[in-house]
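Student: Structure of the sequence below:
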Amino acid sequence: MPTAVAPDFAAQTLDRLRALTGDPAAQFRDGQLEAIHDVVADRARVLCVQRTGWGKSAVYFVATALLRAQGAGPTLIVSPLLALMRNQIAGAQRLGLRAQTINSTNRDAWDDIRDGLARDEIDLLLISPERLNNPRFRDEMLPLFAASVGLLVIDEAHCISDWGHDFRPDYRRVKDMLAALPEGVSVLGTTATANDRVVADVLEQLGAGTGAGVAAGPATGAGAAGSADAAEPLRSYRGPLGRSSLRLEALELPRPAERLAWLVERLPELPGSGIVYTLTKRDAEQVASFLTANGISALAYSGEQETEQRIAAEEKLLRNELKALVATSALGMGYDKADLEFVVHYQAPGSVVSYYQQVGRAGRGVESAEVVLLRGSEDRRIQDFFIEQAFPAQEKVTAVLAELSQAAAEGQGRTSRELMAVVNLGAGRIEAMLKILDVEGAVRRDGTRWHAVPGSDWEYDGERYAQITALRRAEQEAMASFGTDGRCLMRALQEELDDPAPADCGRCSVCAGPRYGTPPAPRLVEQAQRHLRSRPIVLEQRKMAPDPGGTMRKIPPGALVEPGWALARFGDGGWWPAIERGLTAGRLDDEVAVALADALRSGTGAGARADWVTSVPSVRYGGVVEQLAEAVARQLGVPHVRLLQRREERPPQREMANAAQQAANVRGAFTVVVPPPPGTGVLVDDRRLSGFTLAMTGGQLRKAGADAIVPLALATLV
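Tutor: This next block holds a predicted model:
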């Protein structure tokens with residue numbers, strides 16, 4: 001049954017909502033008032049699963065104001081993104097709330113914030129889930145907050161569940177906080193992207209430490225509530241997820257050049273400003289540069305940029321100084337621009353759930369917004385990468401724990417880099433693994449070193465990981481079917497999210513016909529293809545390499561290789577198709593050698609000269625690479641010489657996941673069979689993955705007498 005709300009409570013709550021929104025005519029949406037009442041009057045634990053733009057933040061801002069007026073302690077919001085935090089602080093201040101944030105960018109302010117909490121001068125504190133894993137925060141600030149907190153908010157609560165599309169291990173520490181809360185502290189979880197499985201998992205975790213049970217499934221319907229015992233009820237509100245302001249369309253444009261041309265042709269026709277989503281940072285930069293070159297104001301945006309750069313880009317979009325912000329998923333959850341009028345996907349994300357999250361940025365405060373999905377031939381390859389990186393194999397986890405146990409026997413721990421010398425995992429993956437093991441009690445971190453936890457009963461849950469991977473594959477297939485299976489596009493989104501009331505929208509390209517189906521002009525496609533091939537990629541000079549124990553050491557000056565060049569990145573839409581075709585056929589087109597020679601000539605200093613050309617012996621493409629080196633030498637008018645020989649077979653370098661393993665795989669694999677000629681040599685290879693093959697074989701040539709070595713590669717990974 002819906003929560004009964006007294007008229008006087010409803011009146012004062014509405015006053016707060018209108019102050020928050022600045023709209024004297026604002027009214028509550030279905031479920032908002034009831035959720036606020038549960039949190040404020042009943043001190044309940046509540047989960048709100050509502051569409052993007054419904055107003056989930058209004059629930060916790062208004063609830064905070066009411067609780068503080070009653071003398072309750074401050075609100076703690078666990079929020080996943082800095083962009084979201086900045087929006088939240090601005091919203092809280094509109095209601096007169098004193099809001100602060102603790103994150104990695106404001107460490108100098110932590111002491112002042114702690115003192116403000118002690119003096120009860122802070123109404124609302126926002127933290128990232130990663131702060132829960134910070135020893136200083138846990139030791140100095142969390143106890144202070146836990147003793148006085150009036151409301152705990154877990155924003156984007158689907159991140160708690162590893163069944164969710166954006167699981168973050170540090171969110172699991174929220175469960176420890178829940179168990180430590182005093183009686184009578186309200187808890188609110190909010191999300192727009194949780195299906196039945198995720199909702200059930202999140203509700204179970206929200207109930208930690210309460211003894212509260214949840215009915216067979218989460219309550220559904222706007223304003224519906226399912227309660228456990230009377231003392232500490234656990235309730236959920238779930239509304240319809242359809243977005244009447246969005247018009248959806250999906251197009252098949254396999255070639256990147258076609259999609260770039262489409263953007264140049266169509267973005268000027270779209271009203272207002274918006275977001276173009278890409279799957280990778282590299283694609284964001286490439287798309288933004290092509291739009292800018294064609295007179296369309298655009299900036300690239302990714303999580304790898306400095307905070308100040310991201311803030312500046314967000315604010316430019318907010319002020320409509322950009323036509324498009326070309327962004328990775330780093331601009332997903334929480335970014336709030338009410339008048340955002342379009343979202344275009346340059347590539348498809350890996351799940352319909354992720355797609356719903358991103359398109360939800362549009363159409364919040366306007367009557368209509370255009371949402372267009374441009375599918376690319378590379379989408380599945382990139383999606384596969386993310387799916388396959390999620391959970392390490394059991395033997396790798398076992399190897400890490402065995403090494404940490406050995407270190408414990410010696411009274412020591414191990415750094416991540418030291419562990420990378422033992423197990424073939426990249427830095428990001430090994431850190432993610434250790435974070436999960438830390439959250440689940442198998443290891444602990446002390447400074448930069450990791451230690452095994454004595455007596456831990458942790459076990460590798462291979463069955464669960466396999467089930468989650470299978471779920472990711474099913475989500476990938478559902479995304480591949482989106483727009484091709486005859487369903488209304490909005491209905492498809494709703495059904496994937498287990499919306500209780502899916503319905504045809506009557507507006508999308510399936511319901512009402514396509515609006516953007518005309519292919520882009522051939523001249524624009526040709527221009528885009530030239531753009532994709534226009535600039536070779538600089539291969540930066542590698543100045544460090546791991547020793548046999550995995551410790552990074554400076555490469556001696558007499559063994560350093562110059563910066564070099566590559567024509568393409570794997571899978572790009574420029575030179576890569578011609579390269580892949582040539583490697584498969586066993587002979588590259590002459591234009592590839594011409595382009596490599598031109599790349600070399602475009603350099604400066606030693607990187608622009610060539611006195612001779614040689615190549616790295618390749619097991620898989622040896623004949624092709626040697627022919628290419630000969631062709632490059634002809635283009636440069638210098639001799640081709642055979643200087644290197646492979647001493648023994650090694651696994652493909654692409655199977656090596658970190659620097660220690662990559663360097664070890666090259667070390668001793670090649671020998672210099674003929675002294676290099678005098679002058680600067682060009683060293684040709686087919687692919688540059690880690691850079692250690694070119695750096696180490698080039699170093700051998702330097703030590704054998706080469707004055708300088710300039711690497712040239714057909715393609716590079718990064």
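Student: For the helix or strand harbouring residue 665, name the packing helices and strands.
Tutor: Applying DSSP states H and E as the criterion places residue 665 in helix 659-666. On a contact count with 3 or more CB pairs under 8 Å, 6 or more residues apart in numbering; DSSP states H and E, helix 659-666 meets helix 416-420, strand 544-546, helix 692-703. Heads up, the C-betas are built off the backbone N, CA and C, glycines and all.
Student: Flag the shaky bits of this protein, pLDDT-wise.
Tutor: Low-confidence segments of the chain (pLDDT under 70): 1-3, 81-87, 104-105, 165, 208-233, 332-334, 604-607.
Student: what residues go with each domain of it?
Tutor: The record's domain split for the chain, according to automatic domain parsing, is 7-238, 246-384+482-530, 391-464, 535-716.
Student: gap between the longest one and the chain center?
Tutor: So that's domain 7-238. Centre-to-centre, domain 7-238 and its host chain are 24 Å apart (CA atoms, centre = their mean, to the nearest Å).
Student: repeat for the third one
Tutor: The chain centroid and the centroid of domain 391-464 are separated by 23 Å, computed with CA atoms, centre = their mean.
Student: Now the terminal residues of it, how far apart.
Tutor: In domain 391-464, first residue to last residue: 10 Å (CA to CA, to the nearest Å).
Student: got it, and the longest one?
Tutor: Using CA to CA, the end-to-end distance of domain 7-238 comes out at 23 Å.
Student: just the second one next, same as before
Tutor: By CA to CA, the extent of domain 246-384+482-530 from end to end equals 34 Å.
Student: circling back: among the helices and strands packed on helix 659-666, which is the most enclosed?
Tutor: Using mean count of other CB atoms under 10 Å, the stretch among those with the greatest mean number of neighbours is helix 692-703 (a mean of 23).
Student: Need the residues that contact that one.
Tutor: Among residues not part of helix 692-703, those counted as contacts by CB atoms under 8 Å, 6 or more residues apart in numbering are 539, 542, 545, 555, 558-561, 564, 614, 616, 643-644, 653, 659, 662-663, 665-667, 670-672, 676, 681, 683, 685, 688, 708-709, 711, 713.
Student: ok, longest helix in this structure?
Tutor: helix 462-481 (DSSP state H).
Student: Show me what it is packed up against.
Tutor: Helices and strands in packing contact with helix 462-481 are listed as helix 352-359, helix 379-388, helix 489-496; criterion 3+ CB pairs under 8 Å, 6+ apart.
Student: What is the burial count for residue 647?
Tutor: Residue 647 has 12 neighbouring residues, counting by other CB atoms under 10 Å.
Student: which residues sit in contact with it?
Tutor: By CB under 8 Å, 6+ apart, the residues touching residue 647 are 668, 669, 670, 671.
Student: With adjacent residues omitted, what lies nearest to the second one?
Tutor: Think residue 669. residue 650 (5.0 Å; CB to CB, 6 or more residues apart in numbering).
Student: Could you tell me how many residues sit around that neighbour?
Tutor: Neighbour count for residue 650, taken as other CB under 10 Å: 17.
Student: Wait, it touches residue 665, no?
Tutor: Yes: the pair residue 650 and residue 665 qualifies as a contact (CB atoms under 8 Å) at a distance of 5.2 Å.
Student: other SSEs contacting the helix or strand where residue 116 lies?
Tutor: Under the assignment given by DSSP H and E, the secondary-structure element containing residue 116 is helix 110-118. With contacts defined as 3+ CB pairs under 8 Å, 6+ apart, the packing partners of helix 110-118 are strand 99-102, helix 142-146.
Student: Figure out which of these is closest to residue 523.
Tutor: Go through the helices and strands packed on helix 110-118 one by one with CB to CB and the one that ends up closest to residue 523 is strand 99-102, at 49.1 Å.
Student: quick one: contacts of the closest one?
Tutor: 85, 88-89, 92-93, 109-110, 113, 116, 122-127, 131, 137, 141.
Student: Let's see that with 7 Å instead.
Tutor: Residues lying outside strand 99-102 but in contact with it, judged by CB atoms under 7 Å, 6 or more residues apart in numbering, are 85, 89, 92-93, 110, 113, 116, 122-127, 131, 137.
Student: Buried ones only from these, please, as a ChimeraX command.
Tutor: In ChimeraX, the members of those classed as buried (16 or more other CB atoms under 10 Å) are selected with the following command:
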select :85,89,92,110,113,116,122,123,124,125,126,127,131,137
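Student: now, among the contacts of strand 99-102, which is nearest to residue 22?
Tutor: residue 93 (12.1 Å).
Student: of the contacts of strand 99-102, closest to residue 344?
Tutor: Ranking those by separation from residue 344, with CB to CB as the measure, puts residue 85 on top at 26.3 Å.
Student: Now for the closest residue to residue 648 other than its chain neighbours: which residues touch it?
Tutor: On the basis of CB to CB, 6+ apart, the spatially nearest residue to residue 648 that is not a chain neighbour turns out to be residue 669, at 6.2 Å. Residues touching residue 669, when contacts are defined by CB under 7 Å, 6+ apart, comprise 646, 647, 648, 650.
Student: Count the residues that sit near residue 331.
Tutor: Taking other CB under 10 Å as the neighbour definition, residue 331 ends up with a count of 24.
Student: ditto for residue 321
Tutor: Residue 321 has 12 neighbouring residues, counting by other CB under 10 Å.
Student: Check the gap between residue 121 and residue 136 for me.
Tutor: Distance of residue 121 to residue 136, computed by CB to CB, to the nearest Å: 21 Å.
Student: hmm, back to that, next SSE downstream of the helix holding residue 116?
Tutor: Going down the chain from helix 110-118, the next helix or strand is strand 124-127, by DSSP H and E.
Student: Could you list the paired strands of that next one along with their orientation?
Tutor: Sheet neighbours of strand 124-127, with direction, are listed as strand 75-78 (parallel), strand 99-102 (parallel) (DSSP bridges).
Student: Out of those, which one sits most buried?
Tutor: strand 75-78 (a mean of 26).
Student: which outside residues touch that strand?
Tutor: Counting contacts by CB under 7 Å, 6+ apart, the residues outside strand 75-78 that touch it are 60, 64, 88, 123-127, 129, 145, 149-155, 174.
Student: residue ranges for the strands of the stretch 101-250 of the chain, please.
Tutor: Assignment of strands within the stretch 101-250 of the chain using DSSP state E, counting those that start in this stretch yields the ranges 124-127, 151-155, 186-191, 234-238, 246-252.
Student: Can you add distance to residue 470 and give the domains of the chain back as TSV?
Tutor: Compiled in TSV, those are given as follows (distance: least, CB to CB, whole Å):
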stretch	distance to residue 470
domain 7-238	11
domain 246-384+482-530	13
domain 391-464	11
domain 535-716	23
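Student: Which one, of those, ends up nearest to residue 476?
Tutor: Ranking the domains of the chain by distance to residue 476, with CB to CB as the measure, places domain 246-384+482-530 first at 5.4 Å.
Student: Quick check on the contacts of helix 692-703: which are buried?
Tutor: The neighbour-count criterion (16+ other CB under 10 Å) marks 539, 542, 545, 555, 559-561, 564, 614, 616, 643-644, 653, 659, 662-663, 665-666, 670, 672, 676, 681, 683, 685, 688, 708-709, 711, 713 among the contacts of helix 692-703 as buried.
Student: Please flag which of these sit within helices.
Tutor: Assignment to helices by DSSP H places the following of these there: 659, 662, 663, 665, 666.
Student: No further questions, thank you.
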